[in-house]
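Colleague: show me the folded form of this:
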Amino acid sequence: MAATLRERLHHLYYSPEGDACRYRYAVLAFDAATILFVVFTSFLPQSLAIEVIDVLIGLVLVTEFAARVAASRLPWREALRPASIADLVAIASFLAPLAGEGAGFLRVVRTLRLIHSYRMLGTLRRDFAFFRQHEEAFLAGTHLSVFIFVMTAVVYETQHGINDHIRNYGDALYFTVTALTTTGFGDITLPGTSGRMISVIIMLAGVTLFLRLAQALFRPSRVRFTCPSCGLQRHEPDAVHCKACGTRLNIPDEGRF
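Modeller: As a prediction, the model looks like this:
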């Protein structure tokens, strides 16, 4: 019975079949809904109803985390991955709402891991032509979004108790975006050495990620097609020969796949 359950879980997390893909999309959608919940409730006063929902979400996350670890052929390695540890921190924040829900933003790190996984990338490429054509821009945008959400959480958690200008995630997000774009209106600043170091990290890392997104958006798109000789995967849309080894390519559907 246990072996059967584990094989079923392994199928849901690793199989390319339709039911497994739908399950992984559902997990991805739940991750997104969890992040939206954290953002929305940051503008509301703490209440018993919110705390109850926090705990219910935490229980769902515990169940999903246990299922994902059990589905792996190497459970301990899966449990000790950085993304899994971030999951555990996020789960703890939901199961202990009085400690603050800011760590819930770490769920977005797991969403990034899902999108980066070979299985999820393959599913997205197969199901969405638009994603196939703009994969680099999607991933660069995801990197930037993850960074903004995580740094917003860091700003909020480190400042809302000591900085009168940081009252909710909206204020923290506003500061993060103005620092990232180096606009620097000056109406919100982070005091102390730690605050200045957070600002420096936002500006340096954020600008790098923003430039990477701009590069992905404006440079000529390339086609993903594995060269049969050298394995090069990116080619010009109208490429006839591989630019690395000269092998003749046969890119199907006018280079769109």
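
Colleague: contacts, neighbours, all on C-alpha from now
Modeller: OK.

Colleague: roughly how far is stretch 115-129 from the heart of the chain?
Modeller: Offset of stretch 115-129 from its chain centre (Cα atoms, centre = their mean, to the nearest Å): 14 Å.

Colleague: buried residues in that stretch?
Modeller: For stretch 115-129, the neighbour count (16 or more other Cα atoms under 10 Å) marks 115, 119, 120, 121, 123, 124, 125 as buried.

Colleague: for that stretch, what is the average pLDDT?
Modeller: Across stretch 115-129, the average pLDDT comes to 77.

Colleague: got it, and stretch 177-196?
Modeller: 87.

Colleague: got the end-to-end distance for it?
Modeller: Taking Cα to Cα, to the nearest Å as the measure, stretch 177-196 stretches 15 Å from start to finish.

Colleague: what's next to that stretch, contact-wise?
Modeller: Stretch 177-196 is touched from outside by 148, 159, 163, 165, 166, 175, 199, 202, 203, 204, 206, 207, with contacts defined as Cα atoms under 8 Å, 6 or more residues apart in numbering.

Colleague: for the fourth one, which non-adjacent residue is spatially closest?
Modeller: If you skip the residues right next to it in sequence, residue 165 has residue 188 as its closest partner in space, 6.1 Å away by Cα to Cα, 6 or more residues apart in numbering.

Colleague: which SS class is that neighbour?
Modeller: coil (DSSP: H, G, I helix; E, B strand; the rest coil).

Colleague: how many neighbours does it have?
Modeller: 17 (other Cα atoms under 10 Å).

Colleague: picking up where we left off before, can you say which of the contacts of stretch 177-196 are buried?
Modeller: The buried subset of the contacts of stretch 177-196 (16+ other Cα under 10 Å) comprises 148, 159, 166, 175, 199, 202, 203, 206, 207.

Colleague: report the buried residues of the strand or helix carrying the fourth one.
Modeller: This points to residue 175. Using DSSP states H and E, residue 175 maps to helix 169-180. Within helix 169-180, the residues scored as buried using 16+ other Cα under 10 Å are 169, 170, 171, 172, 173, 175, 176, 177, 178, 179, 180.

Colleague: what residues are up against the second one?
Modeller: The neighbours of residue 170, taking Cα under 8 Å, 6+ apart as the test, are residue 43.

Colleague: ok, now the fourth one?
Modeller: Listed by Cα under 8 Å, 6+ apart, the contact set of residue 172 reads 152, 153, 155, 156, 166.

Colleague: may I see these organised as CSV, with secondary structure and distance to residue 11 added?
Modeller: Formatted as CSV, the contacts of residue 172 follow (DSSP: H, G, I helix; E, B strand; the rest coil; distance: Cα to Cα, whole Å):
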residue, secondary structure, distance to residue 11
152, helix, 36
153, helix, 34
155, helix, 39
156, helix, 39
166, coil, 45
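
Colleague: using a markdown table, lay out those residues together with pLDDT and distance to residue 78.
Modeller: Formatted as a markdown table, the contacts of residue 172 follow (pLDDT from 0 to 100; distance: Cα to Cα, whole Å):
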| residue | pLDDT | distance to residue 78 |
| --- | --- | --- |
| 152 | 86 | 27 |
| 153 | 82 | 25 |
| 155 | 89 | 29 |
| 156 | 86 | 30 |
| 166 | 89 | 36 |
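
Colleague: what ranges do the strands span in the stretch 101-250 of the chain?
Modeller: With DSSP state E, counting those that start in this stretch as the criterion, the stretch 101-250 of the chain has strands at 223-224, 234-235.

Colleague: nearest to residue 61, of those strands?
Modeller: Closest to residue 61 of the strands of the stretch 101-250 of the chain, according to Cα to Cα: strand 223-224, at 34.6 Å.
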